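> Need the 3D shape of this:
(2 chains)
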Amino acid sequence: MKNYFVYLLKKYLLLLACFALLCVIVYVIPITVESYTAWNKQETTYVDLYYSNISAVLGVMSVLIPIALLSYKMSRRSADMHYSLPIGRRKILCVHFLVGLILLYASYSFAYLWGFIIIAATVRHLQLIYYLYLYLSSLLPALVLYSLTAFLYTRANTMLDGIVIVVSAMCLLPLAFGTTCRIIDPHLPSTAPSLDSARLFPFVSLMEATDVLGTAAEGWELRLWFTNFRPDYIADDALTLAGSLFWLIAGAGAAAGLFVTEKTCKAENCGQRTESLFGYKTLLPAYTVFLTAMAFEDAAVLCIVAFGILVLSVLYKRTIKIGWKFAAVLAACFVAGILLYVIPEYLIKIPPRTF
Amino acid sequence: MIEVKGLYKSYGKTEVLCDANLRVGDGDVFGLVGINGAGKSTLLRLLSGVLRADSGQILFDGEDVYENEKVKKDIFFLPDDPYYTVNLTGNGQAAFYKNFYPFDGEVFKRFMETFRLNPDKPIRNFSKGMKRQLFISLALACKPKYLFLDEAFDGLDPLARLEFKRGLIDLQEQGSSVVIASHSLRELEDICDSFALLDGHSVKAYGKIEGELSKLSKFQLVFERNVEREDLPFECLHFEKTGRVIRVVVRGDAEKTRELIASMDPLIVDEIPMDFEDMFLYEVGERGYLK
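Purely as a prediction, here's the structure:
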């Protein structure tokens, strides 16, 4: 196992270099320019740390790396080779999981450390301790997103299905929440806070929770941050917190599920149709409900949604004949979507908000 | 020793193996034959621990193979279309296997030289036959106690086949058992001691090739009168008639068959030697394949 770990790490050195370079391009270069300019002008005011740049790359890498490292499970040829080796399936998975995590953290840490040195050398007012806290607190969201991606991706039997499932599963909660908000929003009092469902994306909600540390690191006093705090943000922050907690639990569950289910995974399914409950089977009906409710007002958008669902159904079934049973499930979900839109509109006796 | 006992395997609702039983002795070169879709590759994937059986047992010296690292240390499985990553070279693939097997670099180098392959070239640039030669070199260099080969001779030229067979015999002399699934029956007959015929989701026949061949006799007969299958005083595995010339394949005691044929006063009786390919054709042909 140790030998294989070292072998795999060496094999992915080039990928590590590419990711590190990407981090340097999006983070170290802008921060160097900003810090150098501030240093030249002897400025002591606010300096943009471009933290959002590197956190975005961290998020993207947390999705791409597990996809790259766990694709050995997606083809029959690869599965034949890996599963015939004298090493247990969980150990293979563990090695690939750990190597991916090292790639993720090493490339991120490299760019972060480089940026830290530049900032420490040039920007005088920076609170470096918060910069360290920010670094440490960003590792957990990355791990959560990495574990979620790894779990969701390995529920599929092909790479394409895996990517579709990862993206759609992570967008489901914001979609469900956003749709519900959009439907009930006109019936709520105008003073009700408008909630941003984008905060329920796993990485967004987790990184938003570390926002206060970023503000502190950039030189703002935390006292000022709390002073400037607007009460109407409370609902959004509560949503972020709820989202963070949800995704933390989901991430831990995903990591556990990944390893628990590995021993029973069937090699004969590699490259076959994806029938996992975490896959199309559940996602397509759920998307049908929420997208129908979302698009019900606009016939043209509704047609596009129906077409999209049909395309995904064909992708799932790998044939245009999606079967009566599945078609009936989708039709029922379509009706459920209409009801979701209609019930607040006609049955809940809340007068619509007037402008 | 490999023992397969009451093995069942299905892919969803499709039954692939049903109550398969066989035994491969230590140091045997074992041929696995059968028509396309008979379950040869599935059986090899089960033997190498890639697939889990629905029921039944696969025992290597009494131990189950599935997820058993100790047993799998002695197994090397070479599938019909082996996997390699995009830019991997022959040496890169060897470095991969070194992590898991007691890899003999000298054997690998010798075979690469014999096959005139450059181990530093990306595998993707190799032809089908060259890829096969590379993976055969890797398999033999891993020196496994149990070597499983799927479509082993596929794409190999006659010289490469010869070298490969020499390599297998060397491995056998070191006490290794080899199971080969192939449609190249003449090649199998050259190197295999035993065989199993997979048909109708199960092992229909298995044993020593010599022994099974001796159970069948093939005769070419010419009669003065018109003779049909039902006129013969014995059961035929195969009956073929061209004018007055009849070719029959008979299972059972050859001496007794000769006596029965003699009792019919044929003009000419020729006993034709049977080979493994004939045996396969008649055994499988009689089951109604490709009518």
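> what bits of the chain have low per-residue confidence?
Answering for chain A, as no chain was given. Scanning chain A with the threshold set as pLDDT under 70 gives A:42-49, A:123-126, A:188-194, A:206, A:209-236, A:347-355.
> Let me rephrase: I mean chain B.
B:286-291.
> The same query, at a cut-off of 50, please.
Applying pLDDT under 50 to chain B picks out residues B:291.
> What residue spans form the domains of it?
B:2-211, B:215-285 (automatic domain parsing).
> ranking those by burial, who's on top?
Across the domains of chain B, the average number of neighbours (mean count of other C-beta atoms under 10 Å in any protein chain shown) peaks for domain B:2-211, which reaches a mean of 18. All C-beta atoms are positioned from the backbone trio N, CA, C, and that covers glycine.
> So is it next to chain A?
Yes. Against chain A, domain B:2-211 shows contacts by C-beta under 8 Å from any C-beta of the partner chain at B:11, B:45, B:48-52, B:67, B:69, B:72-73, B:75-77, B:79, B:81-83, B:95-96, B:98-101.
> Show me those residues that map onto helices.
The helices, defined by DSSP state H, take in B:R45, B:E69, B:K72, B:A95, B:F96, B:K98 from those.
> To which secondary structure element is the residue nearest to the fourth one when sequence neighbours are not counted assigned?
In other words, B:A95. Spatial nearest neighbour of B:A95, excluding adjacent residues (C-beta to C-beta, 6 or more residues apart in numbering or on different chains): A:Y7 at 6.8 Å. Assigned by DSSP states H and E, A:Y7 belongs to helix A:2-11.
> Quick one: distance of that helix to the chain centre.
28 Å (C-alpha atoms, centre = their mean, to the nearest Å).
> Extract the C-alpha set from that helix and format it as CSV.
Presented in CSV, the C-alpha positions along helix A:2-11 are these (Å, rounded to 0.1, in the frame of the first residue of the first chain):
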residue,chain,number,x,y,z
LYS,A,2,2.9,2.4,0.9
ASN,A,3,4.7,1.6,-2.3
TYR,A,4,1.5,2.2,-4.3
PHE,A,5,0.9,5.5,-2.5
VAL,A,6,4.4,6.7,-3.3
TYR,A,7,4.0,5.5,-7.0
LEU,A,8,0.7,7.3,-7.4
LEU,A,9,2.0,10.5,-5.8
LYS,A,10,4.9,10.5,-8.2
LYS,A,11,2.6,9.8,-11.1
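> so what's whatever residue of the stretch 101-250 of chain B ends up closest to chain A up against?
Closest approach of the stretch 101-250 of chain B to chain A (C-beta to the nearest C-beta) occurs at B:Y101, with a separation of 7.6 Å. By C-beta atoms under 8 Å, 6 or more residues apart in numbering or on different chains, the residues touching B:Y101 are A:P86, B:K73, B:F76, B:C142, B:K143, B:P144.
> What's the local residue count around the residue of the stretch 151-300 of chain A found nearest chain B?
In the stretch 151-300 of chain A, the residue that lies nearest chain B is A:A267 (5.0 Å; C-beta to the nearest C-beta). Using other C-beta atoms under 10 Å in any protein chain shown, the number of residues around A:A267 comes to 18.
> I'd assumed A:M81 was in contact with it.
No. Taking contacts as C-beta atoms under 8 Å, A:A267 lies outside contact range of A:M81: 10.7 Å.
> wait, which of the domains of chain B is closest to A:I117?
domain B:2-211 (34.3 Å; C-beta to C-beta).
> gap between the closest one and the chain center?
That offset, for domain B:2-211, works out to 10 Å (C-alpha atoms, centre = their mean).
> Any idea how far apart the tips of that domain sit?
Domain B:2-211 has an end-to-end distance of 20 Å (C-alpha to C-alpha, to the nearest Å).
> re earlier: need the contact list for the residue nearest to B:A95.
Contacts of A:Y7 (C-beta under 8 Å, 6+ apart): B:A95, B:F96, B:N99.
> and whichever strand or helix holds B:E210, what other elements does it pack with?
For B:E210, the host element (DSSP H and E) is helix B:209-214. For helix B:209-214, the contact count by 3 or more C-beta pairs under 8 Å, 6 or more residues apart in numbering or on different chains; DSSP states H and E identifies strand B:194-199, helix B:276-285 as packing neighbours.
> In JSON lines, list these along with distance to B:T242.
What follows is those, written out as JSON lines (distance: least, C-beta to C-beta, whole Å):
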{"stretch": "strand B:194-199", "distance to B:T242": "28"}
{"stretch": "helix B:276-285", "distance to B:T242": "17"}
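> returning to what we had before: between the contacts of B:Y101, which is closest to B:F60?
Of the contacts of B:Y101, the one sitting nearest to B:F60 (C-beta to C-beta) turns out to be B:K73, at 10.4 Å.
> where along chain B do the helices fall?
With DSSP H as the criterion, chain B has helices at B:40-47, B:69-72, B:90-98, B:105-114, B:128-141, B:158-173, B:185-191, B:209-214, B:254-262, B:276-285.
> who in chain A is up against chain B?
So chain A meets chain B at A:3-4, A:7, A:75, A:77-81, A:83-89, A:263, A:266-268 (C-beta under 8 Å from any C-beta).
> just the buried members of these?
Among those, the ones that count as buried by 16 or more other C-beta atoms under 10 Å in any protein chain shown are A:4, A:7, A:75, A:77-81, A:83-89, A:267-268.
> so of those residues, which ones are in helices?
Members of those lying in helices (criterion: DSSP H): A:Y4, A:Y7, A:R77, A:S78, A:A79, A:D80, A:M81, A:Y83, A:S84, A:R89.
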